[in-house]
Structures are given as C-alpha cells and as structure tokens.
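>>> Build the 3D model from these lines:
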Amino acid sequence: MSHTLEARATATPAVIPGDPPASGGTSAPVAAFREIVAAHGERTRGLRDTVSSLFVENRDLSDYAADGGPLPDLVLVGDNPGRREWENSVYLCAAGRAGRMAHAFFDGIYGPGSFRSKVMVLNKSSYHTPRTAGLTQTLRDGVVDSAVDRAIRHDQEENARLIAGIVALLGIPVVTIGMESGGATFRDFRRTLESRYRSLGEPPARFQGRSLPSPFRKVPHFSLSKIFCRNSDPRWNASLDRFLGAWEGRTPGLRTGNGNVSSKILLESRDRAMLSDYLSTVIMEAGDKVDFGFPPKMG
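Coordinates of the predicted model:
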C-alpha cells in the first residue's frame, strides 16, 4: 500500500449522512472507498502470486473499485473461502448451495441479478480451506512455511481494517454470517476490527433510512438454511415468530413443522415485501449486536 493510501485509510474520514449515495457518486468518501477496495484486491492478488495460491481474490470487488461503479447497501462477511470460492475466485459464489440461497434472498429484495451490486461480500480470512475447521487446524498446528502462517494472520488484520474503513466511509452495516464466536481462529480479525473501528471514532451506520445502534450484526450462515431456523438465542426465535405471525397467514407452508421458516417457500416466493421484512425484522433487528464478541468499551 502506498504512503498516500495508508494515510487515507487511517485518517478519520467524513461519514456520509443517511443511506449510501447513488451508484456513480464522486464524493471524497466514495473516492476513498474505491481506492481502499482497489488496494485490497491488489494486496490479495499479491498474496496469491507470491505467498500461496490458496489466497483467494474476490474478483467481484473490481466493480466496486471502478469509477462510476456500484456502491453497496451492506457488507456481508463470511469466514474464509471454500472450494467453490477458490475455484471461481468469487466469494459466496452461486455455484455453492449457500451462495445460491444468498443470491436468491437478496435478488428477491433488490431485483434479479442485483446481489453483487448491492451486497459486498468479504471474508475474515482470504486463505482457502475446504472447511473453516481446516483453517482452525492450520493456525493451531502451524504450516510448513512460517511466512504463510504470518501472511494468514496479517491478512485477517488487513481485512478487518478494510471493513472498519468501509463503515466509516459509507455508513453502511456489516452482517457477519457463520456465528463464529470467541475462538482463536479469527482472533486477529476481531481484535483488529475493534481497534480500527474505535480509532475511527466508532462511526454510525444507517440502513433503509434508519440509524442502527451498532453497525455490526452476527447471524447464522445461509449454509443448511441456518439463517432461517430457530437456534439457542431467544431473541432470534422471538423475531422469527413475529415474522411468521405477520406472513404465514397469507403464505401457506411458510412455517415448517418444527417452527422454522421454510427457505424454499420464502425464497421461491420472490415476494419483495416479505423478504425485505425478514431482512429488517430478523437479520437486522435480532442479529447479535455484540460487535464480533468484543469486550465492553472501557472508560
């Protein structure tokens, strides 16, 4: 990263009030957003080409980096690239089941083919393993090349800095999928995200015209439809019940026998109002607002 870009990335930027500006915006925060996204792509390609081919660039981000390109409404953060993402160099790609569900959900809200222009997909780690447990094992046991181990950890820190910067520049929320909590696998990511977000003045976020108490949400994964199911969180389950109470009377089969939301019925409905309500009522309202497991702010 150049010294100029580092200065722009670390300086406290002006937060855009309200919702993100229209695509093609040319304000200083938008220009800075495109610059840090372009630098992120360059950095990830460098890791892939010089450190390990298992580092995965998300080629979708090139559209956000381009002048006049789209601006996201929110950031969706996964764990690390799986096999389909590594093969296609696209995060949460539609070739995998979770990717297909995410595309169907957000395309139903924003319009066909709009997922990639409205939802910016990033990962805590850019390093591919077939399953996240493989990354946990790699970090626990170390890798043959210590340079790769250092690169994996530093990559998490850089991804966290990027995400905090995007919140500050665009004032949009971050939704983390996967329910990864206080373990060691993404400790470098969590610590850096907290410190960078605080150093930027803990900037606010807005979504659909509403101020959010925290920019960060943590929800279950799209994999195996977990994001549409009940779990051990009473608040999440209560929000599912509120959503179902509002929609099941006009949508036969929406409530499954065990009280979950039928992903098949919901996604195949392509009902924009119903899908938007799920995003607002369950994901944005009931999603865990604890900032990626951060401890309470002191002082």
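
>>> where do the helices sit along the stretch 1-150 of the chain?
3-10, 28-50, 61-65, 83-88, 97-110, 115-118, 132-141, 146-170 (DSSP state H, counting those that start in this stretch).

>>> Tell me the spacing between the most far-flung residue of the chain relative to its centre and Ser89.
Most distant residue from the mean C-alpha position of the chain: Gly249, 32.2 Å away (C-alpha atoms, centre = their mean). Applying C-beta to C-beta, to the nearest Å, the value for Gly249 to Ser89 is 44 Å. The way it works is simple: take the backbone N, C-alpha and C, and place the C-beta from them, glycine included.

>>> Could I get the contacting residues of the closest residue in space to Thr129 that isn't next to it in sequence?
The shortest distance from Thr129 to any non-neighbouring residue, by C-beta to C-beta, 6 or more residues apart in numbering, is to Leu135 (4.6 Å). By C-beta atoms under 8 Å, 6 or more residues apart in numbering, the contact set of Leu135 is 79-80, 125, 127, 129, 152, 185.

>>> Take those residues and lay them out in CSV including pLDDT.
Output for the contacts of Leu135, formatted as CSV (pLDDT from 0 to 100):
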residue, pLDDT
Asp79, 91
Asn80, 92
Ser125, 95
Tyr127, 95
Thr129, 92
Ile152, 93
Thr185, 88
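
>>> Which positions in the helix or strand encompassing Asp277 come out as buried?
Element membership for Asp277 (DSSP states H and E) is helix 272-278. Within helix 272-278, the residues scored as buried using 16 or more other C-beta atoms under 10 Å are 274-275, 277-278.

>>> tell me what the helix or strand where Glu268 lies is packed against?
Taking DSSP H and E as the definition, one finds Glu268 inside helix 263-269. Secondary-structure packing of helix 263-269 (3 or more C-beta pairs under 8 Å, 6 or more residues apart in numbering; DSSP states H and E): helix 97-110, helix 272-278.

>>> Next, format the ones you listed as CSV and append distance to Leu54 and mean pLDDT.
Below are those laid out as CSV (distance: least, C-beta to C-beta, whole Å; pLDDT from 0 to 100):
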stretch, distance to Leu54, mean pLDDT
helix 97-110, 19, 94
helix 272-278, 35, 97
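
>>> sorry, back to before: check which helices and strands the helix holding Asp277 sits against.
Against helix 272-278 (3+ C-beta pairs under 8 Å, 6+ apart) you get helix 97-110, helix 234-247, helix 263-269.

>>> Any regions of the stretch 1-150 of the chain where pLDDT drops low?
Residue ranges of the stretch 1-150 of the chain with pLDDT under 70: 1-26, 142-145.

>>> what about Met284, how many neighbours?
20 (other C-beta atoms under 10 Å).

>>> Checking it next. Helix, strand or coil?
Following DSSP: H, G, I helix; E, B strand; the rest coil, Met284 is assigned to helix.

>>> Make 30 the first number, not 1, from now on.
I'll keep to 30 as the first residue from here, and by that count the last item is Met313.

>>> So for it, what's the pLDDT?
On pLDDT, Met313 comes in at 91.

>>> ok, now the one 5 residues further on?
For Lys318, the pLDDT comes out at 54.

>>> circling back: okay, the helices and strands packed on helix 301-307 in JSON lines with mean neighbour count and distance to Thr221 next?
As requested, the helices and strands packed on helix 301-307 are arranged in JSON lines below (neighbours: other C-beta atoms under 10 Å; distance: least, C-beta to C-beta, whole Å):
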{"stretch": "helix 126-139", "mean neighbour count": "20", "distance to Thr221": "25"}
{"stretch": "helix 263-276", "mean neighbour count": "17", "distance to Thr221": "27"}
{"stretch": "helix 292-298", "mean neighbour count": "17", "distance to Thr221": "33"}
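
>>> need those helices in TSV with distance to Asp96, can you?
Listed next are those as TSV, based on distance: least, C-beta to C-beta, whole Å:
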stretch	distance to Asp96
helix 126-139	22
helix 263-276	40
helix 292-298	34
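
>>> Compare those and give me the one nearest Ser91.
Between Ser91 and the helices and strands packed on helix 301-307, the tightest spacing by C-beta to C-beta is seen for helix 126-139, at 18.3 Å.

>>> thinking again about what came up before, nearest to Val148 among the contacts of Leu164?
Relative to Val148, the closest of those is Asp108; by C-beta to C-beta it sits at 16.5 Å.

>>> Excluding chain neighbours, what is closest to the closest one?
Thr161 (4.5 Å).

>>> re the thing from before, and the residue farthest from the centre of the chain, that one's in a helix?
Yes. Counting by three-state DSSP, Gly278 is located in a helix.

>>> The residue lying closest to Ile181 once chain neighbours are set aside and Arg220: what is the separation?
Nearest non-adjacent residue to Ile181, counting by C-beta to C-beta, 6+ apart: Tyr156, 5.0 Å away. The spacing between Tyr156 and Arg220, counted by C-beta to C-beta, is 18 Å.
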